[in-house]
Structure formats: C-alpha cells, structure tokens
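**Q** everything below, folded, please.
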Amino acid sequence: MPKIIINEKEIEFEKGMTVLQACELADVEIPRFCYHEKLSIAGNCRMCLVEMEKSAKPIASCAMPAAEGMKIKTNTAFVEKARKGVMEFLLANHPLDCPVCDQGGECDLQDQSLYYGVDKSRFVENKRQVKEKYMGPLIKTQMTRCIHCTRCVRFATEVAGVPEIGAVGRGENMEITTYLEKSMESELSANVIDLCPVGALTSKPYAFEARPWELKKTESIDVMDAVGSNIRVDTYNWEVKRILPRLNNEINEEWISDKTRYSCDGLLKQRLDVPYVKKDNKFQKVSWDEAIEVISKKIKETKPEEIAGHVGDMVNLENALGFKKLFKFMKSDNLEFREKKFYINTEEKMNYIFNSSIKGIEESDLILLVGSNPRHEATILNARIRKSYVKKNIPIYSIGNPGDLTYNYKIIGNRTDEIKKIVNKEGEFYEKFLLAKKPLFIIGESALELKSGKYIFEELKNFLRLNNLIREDWNALNVLVQNASTTGLIDLDIISNRKGDFDFFENLNLGKFKFLFLLGSDNLEIKKNNEFIVYQGSHGDRGAEIADVILPSATYTEQNGLYENLEGRVQECKKASYPIGEAKEDWKIFNSILERLGSKDDILKFGNLRNESLSLIKNFSKINELPKFKFNKSKKDTSEFISEEIFIKNLDYYFSNSISRSSKTMSECRQIRQKLKKTGTNN
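**A** This is a model prediction of the structure:
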C-alpha cells in the first residue's frame, strides 16, 4: 500500500483516497464545511487547508488526491493563519443570529469558529442580506446565514434524485434556491437540514421547540416502513420533539425518509388515553376493570372457532407473541396479520425477506422490479437503488408501471405473460439477464396480491435456482414487504393458513367470527355485521371507529420491543417516553385479560416473551445481524399460470399508518402533493 507522511508520521492509505481521508486515518481532525463522505467533492469552502511540502500555497485537502511520499503538515502557524483567514471571510456576511437560531448548540460554524476563528472582525461594510426561499412545509430557510457549501444541492441531485435545488448568481450575489420556489418533490428532502453546517436550512415543524442540550436522546428503530432505519428519538419532558437519523451503513447510511422524521407530531394527536365501551351506540369512558370484565364475559360466551384476531403493522415481536399466547389460552388459532390477500410461502425464510440485503444492492449489475414501487414502499431502499444506478449505471427493468422512481428504468410489460417469457428464456430481458453476474429480482406485494401471485413468486424463484442465483454468496430473490411487523409475524407463525388460501378473510366477510380482536390494526377493511370488536391500539383511528371496546396502548416510542426488518435483521426499539394517560403496554393488557379469564400459569413476563420470540425466529444469528442460511434443494411448488395485468397499487405515502394519519405535518405534505398532481407538475 502507498504511504504518506502526516505531521512526520508515516501512514498507509488506499489508492484513490484524498489527503483529508488520509489525515483521518492518522487521527488528525481537519475542519470542513463543504466536504461530506456520502457526497461528491466540491472543494469550495476552503476550510480544510493544510500545508504540503514544496507547495507555496496551502492546499484544499478534501479535493487533493493523496500520493506516495507526500509530506503534509496540519498544525503549523502557516495552516493556522490560512484557516483563520477563511473563517474571517465566512463570518464576514454571517448574521449574529446564534441566540435565536435553531442550529445553536449543534452548529458546525459555531464549533469551528471557536477553534479556528479570531476574536475580532476587520469587515466594516454592510452585511449581505438574502430573502427567504419557500421549500415546503418541512424546511425553514434563513438564507442570509448560507455559506454556499452546496451540500444541499449535491444531496438533492445525487442522493434524492430531484435536481430542484441549485445556485443562481455569482460571487456575493450567489443564492441557493429551488428555482421556482416550490416544495421539494422528494421523500428524502428533510435530510438537507442535517447536512446544512449552519442555520440556513432548519426544521420548520421543530422551530423554537427546544435546545439540543435540553433533550433526552434515545437510540431506536423506525417502524414507518419495513426498512428498519436507525433513528435517534429526542424527547423533552417525555414528549417526542424530533427524530433524527443514526449512522448505519448496512441499512439507512445516514438518511431517513420525511415520514420517519416528521410523523412524530402524530404521537400526541388523536391518542387513546382511557378505555371506552360502546353503550347505546355511543362510546363511554370506563375503568380498566370494567373494560376487561366486558371483554372476558364476551370471550366466555363465544365458541373458540368464532374468535379471531388481527395484528397491525407496527406491533413488536414480544407483544405479538403475547397476543398469540392469549389466543392459545382461548383455544383459537384464527390469527392473521395481512391487511389484504397476498401470497406467502412460509416454508423457508428466504421466501419472504430481502435476501440480497440493502447494502447488497450496490453489488448488483441488473435489477428487475415486479409489481413494486420502492420509492413509496421503502424510500431508503430506493435511495440505495439510485446510488447503485448513479455509480454503475446498471440497467433497471420493471414489470408494471411504478411511476417516477428517481432513476431511469425500462418497463418491459405490465402483464404476467412477461414472467412466462422470462421463465421460458424468451424476450429482451432474458438476453440482458444472461450478461449479468449479480442480478436482483424485487417482488412487491402488488404482484403477490394477484390471482397469479403464487405463479409469479414460485416460477421466478425456480428460475433463479436453476440459474444458480440462489446460493450462499448471492441470493437474487427478494420480496419487498411494506410493514414493519410483517417479517417478524411470519416467523412467529401468526398467519391463518399456510397453503395459499385465504380462510381468514373469507370467514371474516361471511360473518363467521363473532368476536374479533384488533391489535393495533387500522388498515384491515372490515364490513361490520354482528361481530363484537375489541380494538387495542394507541390512536383513535380506523380500527377504533368500528370497535365495541377500546383499550388504549403504547406507541413504538413508549415501549421496548424487537422488530425484524425486511432483510430478516432483528433490531431493538427502545423506550423513549411513557404511555399517555391510562394507556398500558400491550403485553400488560393481555395479562389483565388472562387473569380475568382465570389463568394462573399463563401470566406473561416481558423478558420471557423476548427470549421465546428470539428462539422462534428462523435462521436467527444475532441482534442487528443478517440471518444465516444453509441452502438446501427444496421441491418446486407447482402453480397455475393466469394471464392478468400487474397493476401497482398507489400507496397513500403520507397516510400509510395511524401515526402518520394523525400528524399535522404529514397532512400538509399530502395536501401539497395532491395539489402538484392536479396542476400536473408532479411526475
């Protein structure tokens, strides 16, 4: 490996590294504003100046490639003077807004001016003033503070794939703007707030809410989709004030979706804080004892085969297992988690997870989307596909029309006949497929919902197996599930059947269930007949509207729990605040019901639920790690071909769950998107 000398210390570095990256290997901190490891190099802030031997001028370390034998110094009087000069220019036009700036306390400009700045200014002219720009309901602008690092411009173009932010003007007249001053049309737009090193772009919903040192910080997991993005929940007096991303290069890198970041204001709205029982067609507040008594009495009156339960989209493993144990005590196995009929083969774990892994997308050289819209179904996963496309310009094909995905792709058809062509080794796609070494097939729920859902999955799986693309070092078969709880609930076997039929839904529609227990379930379409419905959840959403008894429970930020993401990776969601009012954690409510039903041996304990749920997870290796597989040759599952259209259902992105539907911010985002669609400006 080549070597570089930094502050008279010899350091080995990899070819292609910059001087700044080599300095980091030497544990030398270099100040920077424009440089960011996930974005292209701009080299325009000049804060990272260092001294290089035989160079009369200081060099910008972020843009200078490291070379064998270079001698770099970072702590000389020459470097100090250069950095002080740069800082003086940066502060020349910067307003003294620190007391009223939301970036205060976590501002790169504040921190670096303390260490590299001077205590006086020679600038006596009038300061430049820039008018504010409109960037939508999420981003608050104070463009007078902008230091033109262009991080936001590069992020929008390179990562988000919406080149709507750019610079106009030159020199002192340069301004960062969205050109037409309209809302950013990206589900990742608010990441520019984290990227901004000054207070030019701050969070509009969080404005003037709290200072960073006043907040309690809890590392947790996002449950708005199945990706399992790593987040930090910041609370003030047990109220969730904001959600920020945590670095995890395996999953979300350092980005999160706007829904993940801003749905948190829905955690306090429309909350259920006391139990309710419907009397004379009106909900009345009751005590816990009365509510549990009504439920237990109804359970005792109902036959086990007439009792059914449905588990919602954000339920953790421990609570789901507790729910299953409650149903076991009631001698009922009518449990389901699917909100709609879609095919799942539960025999092997690879049949319902994203086997290539999110990071593995970067290794692929061809992608086929089948009935999937990753931009809305898994925004962070879509950003990885774009990253791979930008870096390697890989060919991307789709069966069905997903709309704008922030990268170029080719629709090869919208019928199941295209699957048959691929399986029969025909067509343009098959020719491209033969050239690929690491192709990637992504099958969405829209395809699995079809009558031919079984055919699509089983035939594509068999096709990949025959082409030796399901192996230990690369598995090209991927299923893109939409809900945070889906993968874990399949592993816990909370599914009404395993043969591909849909008895639960048919019995529900025929009114065969007399007692229906909804656990955090708000997206199941029910035509209520004479069923007695118990809704246990955190929000007064769709499930609560049709219930006879309502039991208030905790949200994902108010209880500890494990979630399994779409890759099959188990992660821990940690308690950041307390349940509101009289609400309880789900497993504690199940204990109350079990005690009232006369159970003594089945009382649940959280630690036991966690250990048992981990033991039930197929191919489990460790928390935060991917599952381990031993590949066996399984029999081909035969299925009948049905020629039909693969229609990708539109996901109501900003209103996909009870928390986001309660969020004022998400409601504003949704209204703006609908306006853009009406005016035809949205792709």
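**Q** and the closest residue to Asp652 other than its chain neighbours, helix, strand or coil?
**A** Of all residues not flanking Asp652 in the chain, Arg670 sits nearest, at 7.6 Å (C-beta to C-beta, 6 or more residues apart in numbering). In short, each C-beta sits where N, CA and C put it, glycine included. The three-state label given to Arg670 by DSSP: H, G, I helix; E, B strand; the rest coil is helix.
**Q** and the pLDDT at Ser634?
**A** What the model reports for Ser634 is a pLDDT of 65.
**Q** thinking again about what came up before, which residues does the residue nearest to Asp652 contact?
**A** Applying C-beta atoms under 8 Å, 6 or more residues apart in numbering, one finds that Arg670 lies in contact with Asp652, Tyr653, Tyr654, Phe655.
**Q** residues of the helix or strand containing Arg386 that come out buried?
**A** Counting by DSSP states H and E, the element that carries Arg386 is helix 379-392. Residues of helix 379-392 classed as buried under the neighbour-count rule (16 or more other C-beta atoms under 10 Å) are Thr379, Ile380, Leu381, Asn382, Ala383, Arg384, Ile385, Arg386, Lys387, Ser388, Tyr389, Val390.
**Q** out of the residues you listed, flag the one nearest to Arg542.
**A** Thr379 (23.3 Å; C-beta to C-beta).
**Q** for the closest one, which non-adjacent residue is spatially closest?
**A** The spatially closest residue to Thr379, leaving aside those adjacent along the chain, is Ser257, at 4.0 Å (C-beta to C-beta, 6+ apart).
**Q** any idea how far Leu317 is from Gly488?
**A** As judged by C-beta to C-beta, to the nearest Å, Leu317 and Gly488 stand 5 Å apart.
**Q** who touches both of those two?
**A** Counting by C-beta under 8 Å, 6+ apart, the common neighbours of Leu317 and Gly488 are Leu562, Tyr563, Glu564, Val570, Ser613, Ile617.
**Q** make CSV from the residues you listed and add distance to His539 and secondary structure to it.
**A** Written out in CSV, the entries for those read as follows (distance: C-beta to C-beta, whole Å; DSSP: H, G, I helix; E, B strand; the rest coil):
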residue, distance to His539, secondary structure
Leu562, 22, strand
Tyr563, 19, strand
Glu564, 23, strand
Val570, 26, strand
Ser613, 24, helix
Ile617, 28, coil
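**Q** got a winner among those residues for most neighbours?
**A** Looking at those with neighbours defined as other C-beta atoms under 10 Å, the largest count falls to Glu564 at 27 neighbours.
**Q** for that one, what are its contacts?
**A** Shown in contact with Glu564 (C-beta under 8 Å, 6+ apart): Gly228, Leu317, Thr487, Gly488, Asp491, Val570, Gln571, Ile617.
**Q** adding pLDDT, distance to Lys527 and secondary structure, write those out as JSON lines.
**A** Conversion of the contacts of Glu564 to JSON lines gives the following (pLDDT from 0 to 100; distance: C-beta to C-beta, whole Å; DSSP: H, G, I helix; E, B strand; the rest coil):
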{"residue": "Gly228", "pLDDT": "94", "distance to Lys527": "33", "secondary structure": "coil"}
{"residue": "Leu317", "pLDDT": "96", "distance to Lys527": "31", "secondary structure": "helix"}
{"residue": "Thr487", "pLDDT": "95", "distance to Lys527": "29", "secondary structure": "helix"}
{"residue": "Gly488", "pLDDT": "95", "distance to Lys527": "29", "secondary structure": "helix"}
{"residue": "Asp491", "pLDDT": "95", "distance to Lys527": "31", "secondary structure": "helix"}
{"residue": "Val570", "pLDDT": "96", "distance to Lys527": "36", "secondary structure": "strand"}
{"residue": "Gln571", "pLDDT": "96", "distance to Lys527": "36", "secondary structure": "strand"}
{"residue": "Ile617", "pLDDT": "95", "distance to Lys527": "35", "secondary structure": "coil"}
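**Q** just the buried members of the residues you listed?
**A** With neighbours counted by 16+ other C-beta under 10 Å, these contain buried members at Gly228, Leu317, Thr487, Gly488, Asp491, Val570, Gln571, Ile617.
**Q** now the last one, nearest residue through space, not along the chain?
**A** Pointing back at Ile617 there. Asp491 (4.7 Å).
**Q** quick one: the helices in the stretch 351-500 of the chain?
**A** Listed in chain order, the helices of the stretch 351-500 of the chain (DSSP state H, counting those that start in this stretch) span residues 374-377, 379-392, 417-423, 427-435, 445-448, 453-466, 486-491.
**Q** pipe the ones you listed into TSV and attach distance to Glu209 per row.
**A** Compiled in TSV, these are given as follows (distance: least, C-beta to C-beta, whole Å):
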stretch	distance to Glu209
helix 374-377	29
helix 379-392	25
helix 417-423	50
helix 427-435	51
helix 445-448	37
helix 453-466	46
helix 486-491	33
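**Q** quick revisit: for PyMOL, what selects the buried ones among the contacts of Arg670?
**A** For the buried members of those, the matching PyMOL selection, counting by 16+ other C-beta under 10 Å, is:
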select buried, resi 653+654+655
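**Q** related to what we said a few turns ago, pick the one among the buried residues of helix 379-392 closest to Asp108.
**A** Each of these was checked against Asp108 using C-beta to C-beta; the closest is Ala383, at 23.6 Å.
**Q** so how far is Gly228 from the closest one?
**A** Counting by C-beta to C-beta - Ala383 and Gly228 are separated by 14 Å.
**Q** Leu450 too?
**A** Taking C-beta to C-beta as the criterion, Leu450 is separated from Gly228 by 27 Å.
**Q** ok, Ala308 next?
**A** Using C-beta to C-beta, one obtains 29 Å as the distance from Ala308 to Gly228.
**Q** likewise for Ala160?
**A** With distances defined as C-beta to C-beta, the gap from Ala160 to Gly228 amounts to 21 Å.
**Q** wait, doesn't Glu449 sit right on Arg338?
**A** No: taking contacts as C-beta atoms under 8 Å, Glu449 lies outside contact range of Arg338: 9.6 Å.
**Q** those two: which has the busier surroundings?
**A** When neighbours are counted by other C-beta under 10 Å, Glu449 and Arg338 differ, and Arg338 comes out ahead with 24 against 17.
**Q** which residues of the stretch 401-550 of the chain fall in strands?
**A** Listed in chain order, the strands of the stretch 401-550 of the chain (DSSP state E, counting those that start in this stretch) span residues 410-413, 439-444, 477-480, 515-519, 532-537, 549-552.
**Q** Asn355: which of the ones you listed is closest?
**A** Using C-beta to C-beta and comparing these, the one that lies nearest Asn355 is strand 477-480, at 5.4 Å.
**Q** how far does that closest one sit from its chain's centre?
**A** When distances are taken as C-alpha atoms, centre = their mean, to the nearest Å, strand 477-480 is centred 17 Å away from the chain's centroid.
**Q** helices and strands around that strand, which ones?
**A** Packing partners of strand 477-480 (3 or more C-beta pairs under 8 Å, 6 or more residues apart in numbering; DSSP states H and E): strand 439-444, helix 453-466.
**Q** tell me the angle of the shortest one relative to helix 427-435?
**A** Calculated by axes from the mean of the first three to the mean of the last three C-alpha atoms, to 10 degrees, strand 439-444 forms an angle of 130 degrees with helix 427-435.
**Q** now do the last one
**A** Between the direction of helix 453-466 and that of helix 427-435, the angle (the same axes, to 10 degrees) works out to 40 degrees.
**Q** quick one: average confidence on helix 453-466?
**A** The model assigns helix 453-466 a mean pLDDT of 93.
**Q** just give me the neighbour total for the residue nearest to Thr379.
**A** Counted with other C-beta under 10 Å, the neighbours of Ser257 add up to 28.
**Q** fine by me, thanks again.
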